[in-house]
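> dropping a prediction and its sequence here:
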Amino acid sequence: MYNLKKIIVDIYAWLANVSGKTNIGRCCSNRLVLFTFHRCLPGRLREEYPYPGLVVTPDELSWLLDVVRPYFQIGTISSMIDKFYSQESSSPLLGISFDDGQWDNYKYAQPVLEHYDCRATFYIPSSPVETNRLIWHDLVGFGCLFFSGASRKQQEGWLSQLPSGLLGYAYSPSFLVNGLKSISNDERSDLVEWLVQNVPHESWPQWARLMTWKEVRQLSQFGHEIGSHTCSHAILPQLPKKLLAYEIEHSKDQIEAEIGVPVTSLCYPNGDFNADCVRIARDSGYTNAVSTIWGHNKANDSLFTLRRMDIDQRQHRSFLGHLSVDRTKLRLTNQYPGLRR
């Protein structure tokens with residue numbers, strides 16, 4: 001059934017392309033399009049990562065830029081927002097962002113962007129960069145992988161830490177992380193601390209680390225925008241107001257102190273926000289904030305709840321496994337079934 005669905009989508013995408021339904025110039029006119037990337041890794045490392053859907057390879061990133069460059073003016077989130085709202089450009093506008101401040105963005109994505117003379121926004125969680133520690137969802141993901149092959153005693157210890165409703169996901173990183181997002185910030189933090197104490201250090205691969213401040217500064221010097229992804233990558237609506245304000249305000253101050261450039265763009269971790277998040281972001285001096293809500297942005301949309309299109313390379317591949325221009329145009333023009341705004 002799944003393969004049949006993919007074949008049907010392939011046929012629909014081809015028909016939409018040849019008929020002009022997914023004409024980018026028409027569908028993206030008077031719209032601001034924002035892309036979300038996370039990790040950029042070679043294929044061999046993607047196979048080791050707990051969440052392969054969050055990964056593009058350098059070749060896949062190059063392929064996608066080849067597809068979109070003829071149609072869009074491409075740049076950082078804030079620069080494209082400025083052009084969009086000042087109506088400086090007659091071309092469709094595309095802002096590119098990378099979430100989480102991962103070292104692979106610096107190592108593998110930056111050279112691709114430089115090759116295409118593209119600039120992007122990199123959203124940095126300041127505390128993990130400062131402490132040289134993985135973000136909580138990666139600690140959970142690699143912890144799952146470790147315990148899946150651990151001794152029975154170790155597995156029992158792991159299971160004893162999980163909420164009863166999530167025991168069935170103990171060795172399924174994506175399902176477990178999604179479930180853990182629903183528990184309190186304190187409960188989640190306690191679980192992460194337990195993992196740090198009970199998973200061998202070598203289970204956290206060196207390539208999975210975050211950037212250093214030196215590397216973040218270099219990205220800024222290359223002309224990329226550095227945005228805030230809060231301090232700890234906490235799920236903001238779960239936090240008390242005082243801690244919520246700290247996460248949004250202090251991360252901005254900390255990043256600015258490190259790079260010497262104003263930080264004006266905020267990315268809500270996991271895309272979650274509420275009215276307090278928006279108010280604090282605006283009052284803290286940010287000029288825009290992005291979510292993970294799917295879709296294009298229109299001229300009357302709020303600058304503090306901007307929509308983005310996440311790039312999962314699996315959704316850009318045909319039934320035969322090839323990267324598909326037809327499928328990419330279908331998603332990019334917001335025509336993909338179930339994703340329309």
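Arrived safely, thanks for sending.

> now do the contacts for residue 113.
65, 96, 119, 120, 224 (Cβ atoms under 8 Å, 6 or more residues apart in numbering). Every residue, glycine included, has its C-beta placed from N, CA and C.

> please apply the same query to residue 14.
Contacts of residue 14 (Cβ under 8 Å, 6+ apart): residue 326.

> which ones among the contacts of residue 113 lie within strands?
residue 96 (DSSP state E).

> could you measure from the most far-flung residue of the chain relative to its centre over to residue 160?
In terms of distance from the mean C-alpha position of the chain, residue 153 ranks first, at 35.4 Å (Cα atoms, centre = their mean). Here the distance between residue 153 and residue 160 works out to 11 Å (Cβ to Cβ, to the nearest Å).

> then residue 90?
61 Å.

> ok, of the contacts of residue 113, which come out buried?
65, 96, 119, 120, 224 (16 or more other Cβ atoms under 10 Å).

> hmm, the first one is touching residue 112, no?
What that stands for is residue 65. Yes - counting by Cβ atoms under 8 Å, residue 112 is a contact partner of residue 65 at 7.1 Å.

> my read is the residue farthest from the centre of the chain is in a helix, agree?
Yes - under DSSP: H, G, I helix; E, B strand; the rest coil, residue 153 sits within a helix.

> just for the stretch 1-150 of the chain, where's the confidence low?
Within the stretch 1-150 of the chain, the stretches with pLDDT under 70 are 1-2.

> how about the helices of it, start to end?
Taking DSSP state H, counting those that start in this stretch to define them, one finds helices in the stretch 1-150 of the chain at 2-19, 24-27, 43-46, 58-68, 77-86, 103-104, 110-115, 126-131, 136-148.

> gap between the fifth one and the chain center?
Between the mean C-alpha point of helix 77-86 and the mean C-alpha point of its chain there is a distance of 20 Å (Cα atoms, centre = their mean, to the nearest Å).

> what's the answer for the fourth one, then?
Offset of helix 58-68 from its chain centre (Cα atoms, centre = their mean): 17 Å.

> so which elements touch that helix?
helix 110-115, helix 325-332 (3 or more Cβ pairs under 8 Å, 6 or more residues apart in numbering; DSSP states H and E).

> pull the residues that contact the last one.
Contacts to helix 325-332, defined as Cβ under 8 Å, 6+ apart, come from residues 9-10, 12-14, 16-17, 22, 24, 28, 33, 64, 67-68, 309, 315-318, 336, 339.

> just the buried members of these?
Among the contacts of helix 325-332, those classed as buried by 16+ other Cβ under 10 Å are 9-10, 12-14, 16-17, 22, 24, 28, 33, 64, 67-68, 309, 315-318, 336.

> my guess is residue 123 meets residue 100, correct?
Yes - counting by Cβ under 8 Å, residue 123 does reach residue 100; the two are 7.0 Å apart.

> ends of stretch 61-79, how far apart?
Start-to-end span of stretch 61-79 (Cα to Cα, to the nearest Å) is 21 Å.

> in it, what counts as buried?
Those would be 61-65, 67-68, 71-79, for stretch 61-79 by 16+ other Cβ under 10 Å.

> tell me where the chain has strands.
In the chain, the strands defined using DSSP E lie at 32-37, 39-40, 55-56, 73-75, 93-99, 121-124, 225-228, 265-267, 288-290, 309-310.

> and the fourth one, how far out from the chain middle?
Using Cα atoms, centre = their mean, the mean C-alpha position of strand 73-75 is found 18 Å from that of the whole chain.

> pairing partners for that strand, with directions?
strand 93-99 (parallel) (DSSP bridges).

> now the partner strand against helix 325-332, angle please.
90 degrees (axes from the mean of the first three to the mean of the last three Cα atoms, to 10 degrees).

> now do strand 93-99 against helix 77-86, angle only.
150 degrees.

> mind saving the C-alpha coords of strand 93-99 as CSV?
Output of strand 93-99 as CSV, limited to C-alpha atoms (Å, rounded to 0.1, in the frame of the first residue of the first chain):
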residue,chain,number,x,y,z
LEU,A,93,12.4,34.9,-2.2
LEU,A,94,13.8,31.9,-0.4
GLY,A,95,15.4,32.1,3.1
ILE,A,96,17.5,29.1,4.2
SER,A,97,18.0,28.1,7.8
PHE,A,98,19.8,25.4,9.7
ASP,A,99,18.6,24.6,13.2
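
> which of the residues in that strand are buried?
93, 94, 95, 96, 97, 98, 99.

> give me the angle between that strand and helix 58-68.
Between strand 93-99 and helix 58-68, the angle formed by their directions is 160 degrees, by the same axes, to 10 degrees.

> residues contacting strand 93-99, please?
Contacts of strand 93-99 (Cβ under 8 Å, 6+ apart): 32-38, 40, 68, 72-77, 79-81, 83-84, 105, 109, 113, 118-123, 227, 229, 267, 290, 308.

> domain ranges for this structure, per the record?
Residue ranges for each domain of the chain read 31-132+212-310, 136-203, as given by automatic domain parsing.
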